[in-house]
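Novice: Fold the following, please.
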Amino acid sequence: MPQDGPLMRMAPDSSDGNNGPQPPTRLTAVEDKLSRALETIEAQRRQLSTVFNAVTDAIVVVDDRGIIETVNDGACKMFGRPSFDLVHHSVNKLMPESVAMHHDRYIRESRPHGSPAFGTPRTLAAVDAKGRQFPVSISLSEIPRSVDEPRRFVATIRDMTHERAREDRIRFLAYHDEATKLPNRHGVVSYLESYFAAPDPQHMLFVHISLNNTSQLTACFGIEEFEQLVVAFSQRLKRVFGTALLIARGFGNTFHVVMPKEESEELQSKLLNVVAEPIEILDMAVVVDVCAGTVALPGQASNPREAMHRAAATLMEVKATTPQPGTPRLHSYMPSIIDDMSRRTRLVHNINQAIEGKEFSVYLQPKIDITDGSWVGAEALARWTQRDGSMVSPGEFIPMAEQSGLVTSLNRYILSQTLRSLADSDWSRSAPLAVNISAQDLSTQSFANEISQLLEETGIEPSSLELELTERDIVRGSDVIRASIDQLRELGVAIAMDDFGTGYSSLAALADLPIDILKIDRQFLRRIEDRDTDRKLLTTLVNLGQDLGRTIVIEGVETEGQADFLRKLGVRLAQGFLFAKPAPAIAVLNDVRRPRAAA
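Specialist: Residues are numbered from 1 along each chain as shown. From the prediction side, this is the model:
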């Protein structure tokens, strides 16, 4: 019997044609398996080819000389070349000449030492068929091989154009304002850091400019339209300050300009040019108003923080000291500005602490009937005695309380203490006590109700209370303020206009103002003994108030000559040091001259 070889094919027996097909031989089975394996390999190859070409990144296979062996469709698309224009060419074809030169050296140096660096992506420039350069990120991997096979590498290349554009935009927005395209505050800091780092920085002027009336403009036009105005304003700044070293936008409505020191004398005229013409927004001509604070560099600051802080402080000082709009207001930095600002900040803090700690007390200054010298009322005044026994002048703490918004808390405290002191005394209820309030108090719609509740708690009749407001607060009051005044008068509380004659109200409007008492300011009284014009002016004010049916009170009477003139003028009520100085409430309420309630 013959020996069977492993791949021997046995010929079919043809002696009997009726025996049918013979079973497959061993060789036939191997061929079938091989065929199926080849089909599987081909299917996998097609699958891998599909995946290979579906990857959007470019994939380039190169040998250890940098010659391209194969590329995917992503590479052809990225570099704008067909595969035949890449395969068998040097990979340097995908790089600008400056990069290719370094890559050649990289290949030469890496070949004797094994493999190039793998894994860590490298960012470099690439070039397409049209010569356009663009940034790419390349990751390199080595293809596994047998000992006798040549080395081959796979480079995965990602186009970083869009990522780089996003990074550039993020970097731009980090240092620039999106609306105006000017450097922002971070851009200013960066510029000043470089400036102060220079060994011998040039002399220049750092200007902090504020576009005023922004709240009103925003309310009128809306935020988007206000930004259009800011953009138009920034373009005007660039045109007027064309030689500036830096023009930037700060927070909101502020701008920064850095200009050569020798041009500082032109700053006022440049600001005038900036506001010379209105800015057109929504078919409206908007008149802009600006103010500015300046710091001389490097003499008045040693770092960016100091420069910006001192310029901002100077700008705030301009706004605080010259609040009226008109010609651009300009102020140069002085060390006293920071000192004054720090002092005011501490004062506001101390006022708040003093209100909570009940360091404020009520003083009363009697109101006198100058025809007989009797006391017919009194004005409540806030006095501040600190814990160390020292007193703070009302001229110092009252303006700061008004600016900080603490005046409402202070006024409520003084009002409450005044009424409670009155309730505990035998002071005549027909001799009303006057308490100062502000427009901020009346801006609260519930203020009249609070007064009513306090009167009820203390058992004081409304007719025993007068509330004093300055002429400015009454004349410029909003509808809410007018409504609060009307509610208080309906309640039975009299309203007095303090400091009358200081120039805010027109004579035509005076008749319609909701007031009962006119307190004529002391400035009209000071020189009546010496100047006939002052006597005529005071006479006119008194006659006007009397003709309108208002009760007249003259403040600041200090001499007998002044008192005699007022008596001849027909004035009955007055206050002043001639008659009585302010004193603690308990002392005045118990003074023998006090008007006593009927037993």
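Novice: how about the helix or strand hosting residue 453: buried residues?
Specialist: Remark: residue 453 resides in helix 447-458, with elements defined by DSSP states H and E. Across helix 447-458, burial judged by 16 or more other Cβ atoms under 10 Å covers 447, 448, 451, 452, 454, 455, 458. Every C-beta, even on glycine, is put in place using the N, C-alpha and C of the backbone.
Novice: Please apply the same query to stretch 369-387.
Specialist: Here stretch 369-387 shows 370, 375, 376, 377, 378, 379, 380, 381, 382, 383, 384 as buried, counting by 16+ other Cβ under 10 Å.
Novice: what's the answer for stretch 395-402, then?
Specialist: In stretch 395-402, counting by 16+ other Cβ under 10 Å, buried: 397, 398, 400, 401, 402.
Novice: Show me how far it is from its chain's centre.
Specialist: From the chain centre to the centre of stretch 395-402 is a distance of 26 Å (Cα atoms, centre = their mean, to the nearest Å).
Novice: who's in contact with that stretch?
Specialist: Contacts with stretch 395-402, where a contact means Cβ atoms under 8 Å, 6 or more residues apart in numbering, come from 344, 347, 348, 351, 382, 384, 406, 407, 410, 438, 440.
Novice: any idea how far the residue nearest to the first one when sequence neighbours are not counted is from residue 389?
Specialist: This means residue 344. Setting aside the residues directly before and after it, residue 344 is nearest to residue 400 in space (Cβ to Cβ, 6 or more residues apart in numbering), at 6.0 Å. Separation of residue 400 from residue 389 (Cβ to Cβ, to the nearest Å): 21 Å.
Novice: tally of neighbours for the residue lying closest to residue 180 once chain neighbours are set aside?
Specialist: Leaving aside its sequence neighbours, residue 180 sits nearest to residue 234 (Cβ to Cβ, 6+ apart; 4.0 Å). As a burial measure, residue 234 scores 20 neighbours (other Cβ atoms under 10 Å).
Novice: Checking my notes, residue 208 in a strand, right?
Specialist: Yes - under DSSP: H, G, I helix; E, B strand; the rest coil, residue 208 sits within a strand.
Novice: okay, it: pLDDT?
Specialist: With respect to pLDDT, residue 208 scores 95.
Novice: That one reaches residue 301, doesn't it?
Specialist: No - here residue 208 does not reach residue 301: they are 12.0 Å apart, not a contact under Cβ atoms under 8 Å.
Novice: quick one, which of those two is more surrounded?
Specialist: residue 208 (26 against 20).
Novice: Any figure for the gap between the more buried one and residue 569?
Specialist: Counting by Cβ to Cβ - residue 208 and residue 569 are separated by 52 Å.
Novice: swap in residue 498?
Specialist: From residue 498 to residue 569 the distance is 20 Å (Cβ to Cβ).
Novice: cool, and residue 485?
Specialist: Distance from residue 485 to residue 569, by Cβ to Cβ: 28 Å.
Novice: and if you look at residue 103?
Specialist: In terms of Cβ to Cβ, residue 103 sits 103 Å off from residue 569.
Novice: Going along the chain, name the helices of the stretch 251-400 of the chain.
Specialist: 267-274, 304-321, 335-356, 394-404 (DSSP state H, counting those that start in this stretch).
Novice: do you know which of those helices lies nearest residue 328?
Specialist: In terms of Cβ to Cβ, the element of the helices of the stretch 251-400 of the chain nearest to residue 328 is helix 267-274, at 3.8 Å.
Novice: Now for the nearest residue to residue 100 once chain neighbours are set aside, how many residues are close by?
Specialist: Nearest residue to residue 100, sequence neighbours excluded (Cβ to Cβ, 6+ apart): residue 92, at 3.8 Å. A count of neighbours around residue 92, defined by other Cβ under 10 Å, yields 17.
Novice: for residue 331, same thing?
Specialist: There are 18 residues near residue 331, going by other Cβ under 10 Å.
Novice: Mind listing what's buried along stretch 550-566?
Specialist: Buried, per 16+ other Cβ under 10 Å, within stretch 550-566: 550, 551, 552, 553, 554, 555, 556, 557, 562, 563, 565, 566.
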